[in-house]
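**Q** How does the following fold in three dimensions:
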Amino acid sequence: MKLPTLLIVDDDDVVAEMLEVMLRNAGYEVRRAASGEEALQQIYKAPPDALICDVLLPGIDGYTLCKRVRQHPLTKTLPILMLTAQGDISAKIAGFEAGANDYLAKPFEPPELVYRVKNLLARTASEAPSAPLRRGKIIAVFGAKGGVGKTTIAVSLALAIRLRTRQRVIIVDADLTFGDIAVHLNIAPTRSIVDIVRSGDEIEREMVNQVLLPHPSGLQALLAPPRPEEAELVSPDHITRILDLLAVSADYVVVDCQTSYDDRTLSVFDRADHVLLVITPEIGPLKNTSLFLNLANQLGINPNAISVVLNRANSGVGIGVGEIERVLRRKINFHVISGGQPVVTSVNRGMPLILDQPKHPFVQQMLYLGDQLVKQLGGAPAPQTTAPAAG
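**A** Okay, the predicted model is just below:
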């Protein structure tokens, strides 16, 4: 039987370690965070069974942390025990108003802490809904150099998953300065991510859903700002919050990333369940892709959560597959042929090739890619056993 997992949030290492020892001895798994921001990252990525937080924290305080947890649909029922040296009634009221389930003033005896945690878990378990919210999968599509066909791959992948699974798929244009998702899908940019950002500091699920734009295929799109100068209005925290909310609204979220390593792009990688790394058989993309893989290793991204896609694999004039794999020191996961003039025409018309020419070899390879990726992420796509030839 899996032990309940507790997250302790306290910037005092001595106190945090003491709490961890107490609770591990009582039979709990324990994780720790030293700030509210770090705690939110852990909570949204892998929610614990209960949160134990101090009021005084660097950055956002314990009250704000509670409010953020309560605002997120995936964690709004998470049990919270607040610890503080402030034992007066006004501090307790403030904690309960922020969303804490229980409040324990320091100093306290270890048995009381263990009892409070046990009681809190038992009480919330009896009140818990029978079907907890499920988090959808986030797929980041990234090209380490411009011109590799990243957006075409992202749009085709999102449509492939939508067509094969019939589940809710959202594509996010995170190329905030020069994003082209609206052009590829022929969607009028009447709303964009900027509308969410301008709605205020507290981004809500309903607001995000209202800004999504529909496509006739059933795909939904969150577009980049209509004007390049508005890109600076979007912060890394905005990206994190929006992706977390989309993940509990959709089965799959495909993110078309910008070709840069700024904090907003790193926020996408932090939330992504899988990264699709698009490359073409040329020296520039190859060099930059090698650098990206080194960075990904430094960031702690699981190599198994990265798939390399060789686009325009049939060009016949670029670097050979063997040499690419030697430089990258890993296998290419997917080969996609150049769609040629039909792809160019489809983009100009705003009619993705996957919808206009479903039998085209490029489309068949994208459907296969989508099937394999969904399978890898734990879904159940339409059956297909062999990869289409790369030409």
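**Q** drop to CA atoms for contacts and neighbour counts, all remaining ones
**A** OK.
**Q** care to break the chain down by domain?
**A** Per the record, the chain has its domains at 5-127, 137-376, by automatic domain parsing.
**Q** tell me, which of those is the model least confident about?
**A** Least confident of these, judged by mean pLDDT, is domain 5-127 with a mean of 88.
**Q** continuing past whatever helix or strand residue 184 lives in, what's the next helix or strand?
**A** Taking DSSP states H and E as the definition, residue 184 sits inside helix 181-185. Using DSSP H and E, the helix or strand that directly follows helix 181-185 along the chain is helix 193-197.
**Q** In that next one, which of the residues would be classed as buried?
**A** Across helix 193-197, burial judged by 16 or more other Cα atoms under 10 Å covers 193-194, 196-197.
**Q** got the residue ranges for the helices in the stretch 251-391 of the chain?
**A** Along the stretch 251-391 of the chain, the segments classed as helices by DSSP state H, counting those that start in this stretch run 263-271, 283-299, 321-328, 340-349, 353-356, 361-376.
**Q** Any chance you could list what contacts the second one?
**A** When contacts are taken as Cα atoms under 8 Å, 6 or more residues apart in numbering, the neighbours of helix 283-299 outside the stretch itself are 143-145, 148, 277, 279-280, 303, 319, 324, 327-328.
**Q** for the third one, same thing?
**A** Here helix 321-328 makes contact (Cα under 8 Å, 6+ apart) with 281, 286, 289-290, 293, 331-332.
**Q** Just the closest of the residues you listed to residue 101, please.
**A** Nearest to residue 101 out of these is residue 293 (Cα to Cα; 43.4 Å).
**Q** circling back: looking at the contacts of helix 321-328, which is nearest residue 68?
**A** Residue 68 lies nearest to residue 293 out of these, by Cα to Cα, at 33.2 Å.
**Q** Spatially central residue in the chain, please.
**A** Nearest to the mean C-alpha position of the chain, by Cα atoms, centre = their mean, lies residue 271 at 3.1 Å.
**Q** That one is in contact with residue 136, isn't it?
**A** No. Using Cα atoms under 8 Å, residue 271 is not in contact with residue 136, being 11.2 Å away.
**Q** Determine which stretch of the helices of the stretch 251-391 of the chain is the most buried.
**A** Of all the helices of the stretch 251-391 of the chain, helix 361-376 carries the top mean neighbour count, a mean of 22, counting by mean count of other Cα atoms under 10 Å.
**Q** roughly how far out does it sit from the chain middle?
**A** Here the centre of helix 361-376 is set off from its chain's centre by 21 Å, with Cα atoms, centre = their mean, to the nearest Å.
**Q** go on, stretch 68-76?
**A** 16 Å.
**Q** Stretch 343-359 too?
**A** In terms of Cα atoms, centre = their mean, the centre of stretch 343-359 is found 28 Å from the chain centre.
**Q** ditto for stretch 246-265
**A** 6 Å.
**Q** So which bits of that stretch are buried?
**A** 246-259, 264-265.
**Q** Measure how buried the residue lying closest to residue 318 once chain neighbours are set aside is and give me the count.
**A** Nearest residue to residue 318, sequence neighbours excluded (Cα to Cα, 6 or more residues apart in numbering): residue 281, at 4.9 Å. Other residues near residue 281 come to 22 when the count uses other Cα atoms under 10 Å.
**Q** Was I right to think residue 281 contacts residue 313?
**A** Yes. When contacts are counted by Cα under 8 Å, residue 281 is listed as touching residue 313 (7.0 Å).
**Q** Surely residue 143 is in contact with residue 277?
**A** Yes. Residue 143 is within contact range of residue 277, at 5.8 Å (criterion: Cα under 8 Å).
**Q** Have a look at those two and say which one is more surrounded.
**A** Applying other Cα under 10 Å to residue 143 and residue 277 shows that residue 143 carries more neighbours, namely 27 against 21.
**Q** ranges for the strands of the stretch 1-150 of the chain?
**A** Ranges of strands in the stretch 1-150 of the chain, per DSSP state E, counting those that start in this stretch, are 5-9, 29-33, 50-54, 80-84, 102-105, 137-143.
**Q** Let me know which of the ones you listed is tucked in deepest.
**A** Ranked by mean neighbour count, the strands of the stretch 1-150 of the chain are led by strand 137-143 with a mean of 27 (mean count of other Cα under 10 Å).
**Q** which other helices and strands contact the helix or strand following that one?
**A** Sequence order places helix 150-165 as the next helix or strand after strand 137-143, per DSSP H and E. Helix 150-165 makes packing contacts with strand 137-143, strand 169-174, helix 181-185, strand 252-257, helix 353-356, helix 361-376 when contacts are defined by 3 or more Cα pairs under 8 Å, 6 or more residues apart in numbering; DSSP states H and E.
**Q** So which of these is nearest residue 337?
**A** Nearest of the helices and strands packed on helix 150-165 (Cα to Cα): helix 361-376, 5.9 Å.
**Q** Residue 78 and residue 44 touch, don't they?
**A** No. In this structure, residue 78 is not within contact of residue 44 by Cα under 8 Å, at 11.2 Å.
**Q** Okay then, goodbye and thanks.
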